[in-house]
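Undergrad: below are the sequence and a predicted model; questions follow.
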Amino acid sequence: MSVQEIRAFNRFYTNLIGALDYSRRLYAPYTLTESRVLYELAHSPRTDAADLRGELSLDAGYLSRILARFEADGLVERTPSERDPRRRRVTLTARGRTTAELLDERSREAVGALLATVPAAERERLTAALATVRDLLADGARRPPRAEDVVLRGPGAGDLGWIVQRNGALYAAQFGWNADYEGLVARIVADFAQDHDPHRERVWIAELDGRTVGCVMCVRDEAPGTARLRLLLVEPEARGLGIGDRLVSAVVSFAREVGYRELVLWTNEVLAAARAIYLRHGFSLVAEAPHRSFGVSLLGQDWRLALAGPLGAP
């Protein structure tokens, strides 16, 4: 693809979405850049001016003029940041939030009208093409991932299958484990999918910038009053963001909340990073035993964490 072809596409697309005359297109007195700043203020937890500048790659003076206009229009308030008094925290006023919601609604309507011109049978192809463009161009422009960008959520369609696939592939690549391990994971996941108590058993999925990067499970153990932590996994490229800590913390908090008296897990000595997380959360090593599984010789470990809970907890 030539530079001219990309530039031609840029001209086509900016004209298509009305980027050059955004205020007229949305019947609002704000440009595309100003509307984007309002959107970030309405949806991002990071609202320091410096954060906005970095997120949107805006010149400091340009952003300052935008915020001054918003302040004059009664849309925002600027105060010293709680994190650093040298920084300025920007928050939407009630009027600003109403304005941001109105612009968001009109933008959705405009995109909906554009999408309506695409035959229904072609929309999946369009979505796939847009995703391809993002994937191919994002690597060069993507900022380093941040811990605050990670979201923990429940499993959606396909997530349980992802747990099986990634466990099998990751441990085969890192430790040479064979398909026996993937089979074990598949049985654990299948048992959960087919029969679990949603009030006392749960799966968490970690997502970073729309990508699935981690998981963990909390299931009932055979021992009364005991929960078991299973299948903690964090993708290598997402490590260093505290995702493993957050996943284990979610399991511990949930187990306490629903009344389990203790939380147990089984792991192997070779998984040093995971064991460090368990130690930080107060787990104690209670037993070790060598075994040969998954095609290799391993040292299995049982860990336990006592939880405060009612004596009658099941």
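TA: Alright, I've got the coordinates.

Undergrad: Val219 should be in a strand, yeah?
TA: Yes - counting by DSSP: H, G, I helix; E, B strand; the rest coil, Val219 is found in a strand.

Undergrad: got a list of what it touches?
TA: By Cβ atoms under 8 Å, 6 or more residues apart in numbering, the residues touching Val219 are Ile188, Phe192, His196, Glu201, Ala227, Arg228, Arg230. The C-beta positions use only the backbone N, C-alpha and C, and glycine is treated the same way.

Undergrad: show me the residue at the heart of this structure, geometrically.
TA: Glu207 (2.6 Å; Cα atoms, centre = their mean).

Undergrad: show me what the host helix or strand of it is packed against.
TA: Per DSSP states H and E: Glu207 is located in strand 202-208. Strand 202-208 sits against strand 150-153, helix 159-175, strand 211-220, helix 243-258, with contacts defined as 3 or more Cβ pairs under 8 Å, 6 or more residues apart in numbering; DSSP states H and E.

Undergrad: again, only using 10 Å
TA: strand 150-153, helix 159-175, helix 179-194, strand 211-220, strand 226-234, helix 243-258 (3 or more Cβ pairs under 10 Å, 6 or more residues apart in numbering; DSSP states H and E).

Undergrad: buried stuff in the worst-scoring helix or strand of the chain on mean pLDDT?
TA: Ranking every helix and strand in the chain by mean pLDDT, DSSP states H and E puts helix 22-25 at the bottom, with a mean of 76. The neighbour-count check on helix 22-25 (16 or more other Cβ atoms under 10 Å) flags Tyr22 as buried.

Undergrad: quick one: distance of that helix to the chain centre.
TA: Relative to the centre of its chain, helix 22-25 is centred 33 Å away, using Cα atoms, centre = their mean, to the nearest Å.

Undergrad: if I look at the closest residue to Val76 other than its chain neighbours, how far off is Pro29?
TA: Nearest residue to Val76 in three dimensions, chain neighbours excluded: Phe70, at 4.4 Å (Cβ to Cβ, 6 or more residues apart in numbering). Counting by Cβ to Cβ, to the nearest Å, the separation of Phe70 from Pro29 is 11 Å.

Undergrad: these two: who's more crowded?
TA: Taking other Cβ atoms under 10 Å, Phe70 and Pro29 do not tie; Phe70 has more neighbours (23 against 10).

Undergrad: the more buried one and Ala49: what is the separation?
TA: The spacing between Phe70 and Ala49, counted by Cβ to Cβ, is 11 Å.

Undergrad: what is in contact with those two at once?
TA: Common contacts of Phe70 and Ala49 (Cβ atoms under 10 Å, 6 or more residues apart in numbering): Arg78, Val90.

Undergrad: ok, back up a step: relative orientation of the strand holding Glu207 and helix 159-175 in degrees?
TA: Angle of strand 202-208 versus helix 159-175, following axes from the mean of the first three to the mean of the last three Cα atoms, to 10 degrees, is 70 degrees.

Undergrad: partner strands of strand 202-208, parallel or antiparallel?
TA: strand 150-153 (antiparallel), strand 211-220 (antiparallel) (DSSP bridges).

Undergrad: returning to what we had before: could I get the contacts of Val219 as JSON lines with distance to Leu16, neighbour count and pLDDT?
TA: Shown next, in JSON lines, are those (distance: Cβ to Cβ, whole Å; neighbours: other Cβ atoms under 10 Å; pLDDT from 0 to 100):
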{"residue": "Ile188", "distance to Leu16": "48", "neighbour count": "18", "pLDDT": "97"}
{"residue": "Phe192", "distance to Leu16": "46", "neighbour count": "20", "pLDDT": "95"}
{"residue": "His196", "distance to Leu16": "47", "neighbour count": "16", "pLDDT": "93"}
{"residue": "Glu201", "distance to Leu16": "48", "neighbour count": "17", "pLDDT": "97"}
{"residue": "Ala227", "distance to Leu16": "53", "neighbour count": "30", "pLDDT": "96"}
{"residue": "Arg228", "distance to Leu16": "53", "neighbour count": "21", "pLDDT": "97"}
{"residue": "Arg230", "distance to Leu16": "48", "neighbour count": "21", "pLDDT": "97"}
